[in-house]
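K.L.:
Build me a structure from this.
(one chain, ligands or ions: 1)
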Amino acid sequence: MAKLQKLSGNENEIESIESSTSTYSGKRTDYLQWDDYFMATAILSSKRSKDPSTQVGACVVDNHNRIVAIGYNGFPRNCSDDEFPWSKGPDKKSLENKNMYVVHAEANAILNSNGTRLDGTRLYTTLFPCNECTKLIIQSGIREIYYLSDKYGDKLIYRAARRMLDAVGIGYRQFIPTQKQIMINLDETN
Ligand SMILES: [Zn+2]
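P.N.:
Next up, the predicted model:
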């Protein structure tokens with residue numbers, strides 16, 4: 001967590017230091033860009049999901065590039081992953097359908113924001129938000145959405161989501177990473 005706070009300090013201050021020293025400081029040039037960093041954080045969060053078919057991660061960032069909320073799709077607190085179903089069951093209305101229980105990544109991020117106001121923030125999510133999450137996004141004050149995939153975009157719930165976002169003027173755009181791959185070696189010691 002200390003590392004996150006260090007990286008997410010005052011953006012203007014950091015940029016002015018970088019620009020004033022960039023020609024001779026010898027700084028790294030292959031450092032992680034902010035947007036890649038936030039989407040990578042959303043992806044990393046999605047790795048926590050127990051869902052065998054869809055792992056989604058979300059990361060909410062404020063105007064100072066501080067991460068204020070993170071979430072992934074999972075069951076409510078104390079609803080055991082070993083007791084509740086991760087399958088779709090025989091049909092949508094079955095008690096054995098995971099959708100009866102799962103909290104989506106965007107909703108979890110908003111709920112996990114520790115009381116921080118989310119007005120004016122932006123959301124990085126690995127999957128375009130559904131209509132239910134979109135309601136929470138609007139009500140929480142998030143103003144911009146960056147998503148990686150929109151693979152279910154034709155489904156009714158995603159069309160409803162876009163309808164609401166368009167109506168209230170929340171921007172959304174597909175995220176194109178500048179860096180296709182980020183390697184993290186947990187064994188790194190330097
Ligand atoms: Zn959702």
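K.L.:
Helix, strand, or coil at the spatially most central residue of the chain?
P.N.:
The centre of the chain sits closest to Ala58, judged by Cα atoms, centre = their mean, with a distance of 1.7 Å. Here Ala58 is recorded as strand under DSSP: H, G, I helix; E, B strand; the rest coil.
K.L.:
how near is it to the ion?
P.N.:
Per Cβ to the ion, to the nearest Å, Ala58 is found 9 Å from the ion. Every residue, glycine included, has its C-beta placed from N, CA and C.
K.L.:
what sits against that residue?
P.N.:
Residues near Ala58 by Cβ atoms under 8 Å, 6 or more residues apart in numbering: 42, 45, 69-72, 105-106, 108-109, 123-126.
K.L.:
and it, how far is that from Cys130?
P.N.:
12 Å (Cβ to Cβ, to the nearest Å).
K.L.:
if we can go back for a sec, which residues does the residue nearest to the centre of the chain bridge with?
P.N.:
Taking DSSP bridges as the rule, Ala58 bridges to Gly71, Thr125.
K.L.:
and the residue of the chain positioned farthest from its centre, what pLDDT?
P.N.:
Within the chain, the residue lying farthest from the chain centre (Cα atoms, centre = their mean) is Tyr24, at 35.7 Å. Note for Tyr24: predicted pLDDT of 73.
K.L.:
And Phe38, by the same measure?
P.N.:
Looking at Phe38, its pLDDT reads 98.
K.L.:
residues touching it, list them.
P.N.:
Phe38 makes contacts with Cys59, Val61, Ile67, Tyr124, Tyr146, as judged by Cβ under 8 Å, 6+ apart.
K.L.:
give me the element it is part of.
P.N.:
Assigned by DSSP states H and E, Phe38 falls within helix 34-46.
K.L.:
my read is Leu165 is in a strand, agree?
P.N.:
No: assigned with three-state DSSP, Leu165 falls outside any strand and is helix.
K.L.:
For it, which non-adjacent residue is closest in space?
P.N.:
Counting by Cβ to Cβ, 6 or more residues apart in numbering, Leu165 lies nearest to Tyr172, which is 5.7 Å off, once chain neighbours are set aside.
K.L.:
and if you look at Val68?
P.N.:
Distances taken as Cβ to Cβ, 6+ apart put Thr116 closest to Val68, at 4.7 Å, once the chain neighbours are dropped.
K.L.:
Quick check: which ranges of this protein have low pLDDT?
P.N.:
Filtered on pLDDT under 70, the chain yields the residue ranges 1-23, 190.
K.L.:
Would you state the strands of it in chain order?
P.N.:
Under the criterion DSSP state E, strands of the chain are mapped to 57-61, 67-72, 122-127, 144-149, 171-174.
K.L.:
Out of those strands, which is closest to Asp91?
P.N.:
Among these, strand 122-127 comes nearest to Asp91, with 22.9 Å by Cβ to Cβ.
K.L.:
Does the closest one reach the ion?
P.N.:
No: applying Cβ under 5 Å from the ion, one finds strand 122-127 out of contact with the ion, separated by at least 8.2 Å.
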